[in-house]
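# need a structure here:
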Amino acid sequence: MNSSPDTRWIALLVLSLSFLLSVPGLRADDEEKQADPLPTAERIVEQMIAAEGGRAAMEKITTRTILGNFEFIGMGMTANFSSWNAGDGRYRDSMSIPGMGSFEKGILGEISWSHDPIQGGRILEGIELDLQRRSSHLSPLLHLEEDYEKIETVGSKEIDGQLCFELLMTPKVGEPETWFIRGDNFLAVRTEMTVDAPAVGRLKMVMEAKDYQEIDGIRLPHLMIIEQAGQNMTLKITKYEHNLEISGEKFELPQAVQKLVDKQKEKAAEGSEPKKEPAENPVGAGSTGG
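Okay, here's the model as predicted:
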């Protein structure tokens, strides 16, 4: 008998997936090995940018469409995944699970939202808003200064027989993340993060990525392995497309989210109207002459 899914990790998976896709990685083990001296975080980041294809190649990417398929290990569940990123702040992710419906999130203008058959439509705030904003970057490695308060090299570890450097990434909003970076090719081999958000609670995620292929001058993974809240899943990417025009219809708000936006506008309009003071009775009003 198949287990029913924990809706918390489904919601978090959709929320964080674009961010995880943007961080290159391979498979990792846990055998520790200390190396000294350690390179600075600044040097490691520059090498990571070069390993992914370089700044010039990244900056040539103006839009991205991703198609793929999920498999939820041991649950007999699969899902279709689609992602559209217009490169101007507009983006949308959709994970469609047969028998459950579509779990979606996106950004349109100043509105960061999510919508699914369990929680309905929501306008995101706090850590969820920040994570979604970071997810909207086509090349997050080029936006580290605006997204992270501090980046430190804190140690090293042997992973699959290769020395890796451990970066502690402290975002401006939310808890620190840990990236493990191979010393020979400067690809991230593992990303670990914990999200503590009202909609999902406190959940830890571990991401590994494989099957790197060069697409339009940059290296992108075609297989991801994700562990989250005791659930294991794989995502096989079947297609990346770059620099194609994406229809504006892809970014339109779901009806339930649009209703929330309309309510916010109504409340804002009510709050901006000047308060009407109660009219004072003129002197002698209501009195009878003697």
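
# and the strands in the stretch 51-200 of the chain?
Using DSSP state E, counting those that start in this stretch, the strands of the stretch 51-200 of the chain run over 64-72, 77-85, 91-97, 101-108, 111-116, 120-123, 148-159, 162-171, 177-182, 188-197.

# so the first one versus strand 91-97, what angle?
Here strand 64-72 runs at 30 degrees with respect to strand 91-97, directions being taken by axes from the mean of the first three to the mean of the last three CA atoms, to 10 degrees.

# cool, the fifth one as well?
Here the directions of strand 111-116 and strand 91-97 differ by 10 degrees (the same axes, to 10 degrees).

# what helices and strands are in contact with strand 111-116?
With contacts defined as 3 or more CB pairs under 8 Å, 6 or more residues apart in numbering; DSSP states H and E, strand 111-116 has these neighbours: helix 7-21, strand 101-108, strand 120-123, helix 126-135, helix 255-272. For glycine as for every other residue, the C-beta is placed from the backbone atoms N, C-alpha and C.

# hmm, 10 Å instead?
helix 7-21, strand 91-97, strand 101-108, strand 120-123, helix 126-135, helix 255-272 (3 or more CB pairs under 10 Å, 6 or more residues apart in numbering; DSSP states H and E).

# pretty sure Gly54 sits against Glu214.
No: when contacts are counted by CB atoms under 10 Å, Gly54 is not listed as touching Glu214 (11.8 Å).

# more crowded one of these two?
Between Gly54 and Glu214, Gly54 has the larger neighbour count (other CB atoms under 10 Å), namely 13 against 10.

# tell me the contacts of that one?
Listed by CB atoms under 10 Å, 6 or more residues apart in numbering, the contact set of Gly54 reads 60, 217-218.

# out of these, which is nearest to Ala188?
Ile218 (14.2 Å; CB to CB).

# that closest one and Arg90, how far apart?
21 Å (CB to CB, to the nearest Å).

# same check on Gln231?
Counting by CB to CB - Gln231 and Arg90 are separated by 30 Å.

# in the protein, which strand has the most residues?
Taking DSSP state E as the criterion, the chain has its longest strand at strand 201-215.

# continuing past that strand, what's the next helix or strand?
strand 218-228 (DSSP states H and E).

# mind listing what's buried in the helix or strand just after that next one?
Going down the chain from strand 218-228, the next helix or strand is strand 231-242, by DSSP H and E. Under the neighbour-count criterion of 16 or more other CB atoms under 10 Å, strand 231-242 has 231, 233-235, 237, 240, 242 buried.

# same thing with stretch 104-118?
104-108, 112-116.

# what distance separates the start and the end of that stretch?
Start-to-end span of stretch 104-118 (CA to CA, to the nearest Å) is 11 Å.

# pLDDT and distance to Glu145 added to the buried residues of stretch 104-118, as TSV?
Listed next are the buried residues of stretch 104-118 as TSV, based on pLDDT from 0 to 100; distance: CB to CB, whole Å:
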residue	pLDDT	distance to Glu145
Glu104	96	30
Lys105	95	25
Gly106	96	25
Ile107	96	20
Leu108	96	25
Ser112	96	21
Trp113	97	27
Ser114	95	27
His115	96	32
Asp116	94	33
